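**Q** here's my sequence, what's the structure:
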Amino acid sequence: MQKEDQIITLDEMMKAIRIKVSGNFDLVVGIERGGVLPAYLASRWLDVPMETLRISFRDDAHRPLSEEPALLKGVTFKARGMKILLADDVGNTGATLRRAAMELEGAQVTTMVISGSADISLFGPHDRCIRWPWD
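**A** Purely as a prediction, here's the structure:
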């Protein structure tokens with residue numbers, strides 16, 4: 001018997017952010033594409049600006065595109081010395097978060113994912129597929 005997909009609504013995601021995300025961050029950085037929505041919600045909650053990094057690692061079927069995440073758009077904003085909340089959708093291996101953190105050298109980085117492994121996991125770790133609001 002297969003477990004049902006877990007459905008996470010935007011209301012549930014915002015509630016989890018209100019409960020789990022606090023601190024004096026200067027900036028929220030979302031990893032495009034999946035990290036943009038949680039980054040936006042967190043930036044609104046924290047009332048701080050948001051920026052993005054574009055890192056490619058998996059396709060839409062969640063298959064790795066390469067052995068390592070590839071940086072497609074790097075830092076175009078001030079990061080050094082900043083307290084940054086780095087957001088992505090899922091943290092399975094941590095490879096994408098590590099790649100992004102390399103780009104944010106000199107910043108104090110706290111990682112956040114909707115589900116999986118990070119400093120802050122809104123709904124994780126996960127043990128089944130998650131159906132995102134945008135799917």
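**Q** and the residue nearest the centre of the chain, what helix or strand is that in?
**A** Closest residue to the average C-alpha location of the chain: Asp88 at 1.4 Å, with C-alpha atoms, centre = their mean. Element membership for Asp88, per DSSP states H and E: strand 83-91.
**Q** okay, buried residues for that strand please.
**A** Ile84, Leu85, Leu86, Ala87, Asp88, Asp89, Val90, Gly91 (16 or more other C-beta atoms under 10 Å). Placement of C-beta: from N, CA and C, glycine included.
**Q** any idea which helix or strand in the chain has the lowest mean pLDDT?
**A** strand 130-131 (a mean of 67; mean pLDDT, DSSP states H and E).
**Q** now Phe99. Its backbone dihedrals?
**A** Not Phe; residue 99 is Arg. Backbone torsions of Arg99, given as degrees, to the nearest 10, read phi -60, psi -40.
**Q** mind listing what the residue nearest to it when sequence neighbours are not counted touches?
**A** Of all residues not flanking Arg99 in the chain, Pro69 sits nearest, at 4.2 Å (C-beta to C-beta, 6 or more residues apart in numbering). Residues in contact with Pro69 (C-beta atoms under 8 Å, 6 or more residues apart in numbering) are Ile55, Ser56, Phe57, Ala95, Thr96, Arg99.
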